[in-house]
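Visitor: With the sequence up front, the predicted model follows.
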Amino acid sequence: MPDPASPFEATTLRVGTKLQKSVLTRQRILAAAERRFAEAGFDETRIEDIANDAGIATSAVLYHFGDKRALHRAVLSDVTVSLYDSLHRAIAGPADLPTRIEATVEALVDYVSRRPTAASLAVRQIVATDPEQRTQVGAYATRFLDTLRVAFEEGERAGVIQPIHPDPLHFVSAIAGAVLFYVAALPAFMPELPYPHLAPEQLAALKRDAIAIAQRLLGSEARHTHEH
């Protein structure tokens, strides 16, 4: 018969279980808040609705995040950091530069396909007037643009890309604008779409279109689109 756990082991187990529950609760709150903020925006979203969606008490939301503004910051941070990580992994990969840039475009489409609420949040942030929100998102956007700018300069020197415009901001604007509009804004412009725009085959078409745009902007139309 196994020895009973020591008081220290029992306490450690209880603390670990409590911490795990706390982490899971926090994740549920963030997921519910992301959906609400994406659908209704910051001003129209109520903490009570987020709590109800997460299946917890309003006091639990306030315990974990303090207030609605802090929760909104946490949602933006979660989305921005995970998106940045996905894009950075693609652009920093081992392949040749045109392939890495195409992989970055694919990573963007894949990310918003898995997480369309992130695309809706991004569109809302474009017109956000809160300077704190702009600063929070802008910091990661600047970091990624700096990385892409270095890649563009290296690619042009090596002769592997001939971008239509040397500033990667134009490239990002064209690609992100097309992808975010399709995922987050298209239903508002065409409420009765003839097909579910987030269906797998439609998202695959979006990825092909985005890569084709990228190839045109990079001056690399003749390259064969790589397959995963």
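Guide: Looks like it came in fine.

Visitor: gap between the residue positioned nearest the centre of the chain and residue 48?
Guide: Computing the C-alpha centroid of the chain and ranking residues by Cα atoms, centre = their mean puts residue 83 first, at 3.8 Å. Distance, residue 83 to residue 48, by Cβ to Cβ, to the nearest Å: 29 Å. Just so you know, the C-beta spots here come from the backbone N, C-alpha and C atoms, and that holds for glycine as well.

Visitor: what's near enough to touch the spatially closest residue to residue 93 that is not a sequence neighbour?
Guide: Taking Cβ to Cβ, 6 or more residues apart in numbering as the measure, residue 93 lies nearest to residue 100, with 5.2 Å between them; neighbours along the chain are not counted. The neighbourhood of residue 100, defined by Cβ atoms under 8 Å, 6 or more residues apart in numbering, consists of 90, 91, 92, 93, 151.

Visitor: Just the buried ones from the residues you listed?
Guide: 90, 91, 151 (16 or more other Cβ atoms under 10 Å).

Visitor: ok, the closest residue in space to residue 197 that isn't next to it in sequence - how many residues close by?
Guide: Nearest in space to residue 197, with sequence neighbours left out and distances taken as Cβ to Cβ, 6+ apart, is residue 186 at 5.7 Å. The local packing of residue 186 (other Cβ atoms under 10 Å) involves 15 other residues.

Visitor: could I have the helix or strand harbouring residue 186 exported to CSV, CA atoms only?
Guide: Assigned by DSSP states H and E, residue 186 falls within helix 186-189. Written as CSV, here are the backbone C-alpha positions of helix 186-189 (Å, rounded to 0.1, in the frame of the first residue of the first chain):
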residue,chain,number,x,y,z
LEU,A,186,-17.0,41.1,-46.5
PRO,A,187,-20.2,39.9,-44.8
ALA,A,188,-21.1,43.5,-43.9
PHE,A,189,-20.7,44.6,-47.5
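
Visitor: And the average pLDDT for it is what?
Guide: Helix 186-189 shows an average pLDDT of 89 in the prediction.

Visitor: And the contacts of the helix or strand just after that helix?
Guide: Once helix 186-189 ends, the next helix or strand along the chain (criterion: DSSP H and E) is helix 200-218. Taking Cβ under 8 Å, 6+ apart as the criterion, the residues outside helix 200-218 that touch it are 98, 101-102, 105-106, 108-110, 113, 155, 161-165, 170-171, 174-175, 178-179, 182-183, 195-196, 221, 223, 225.
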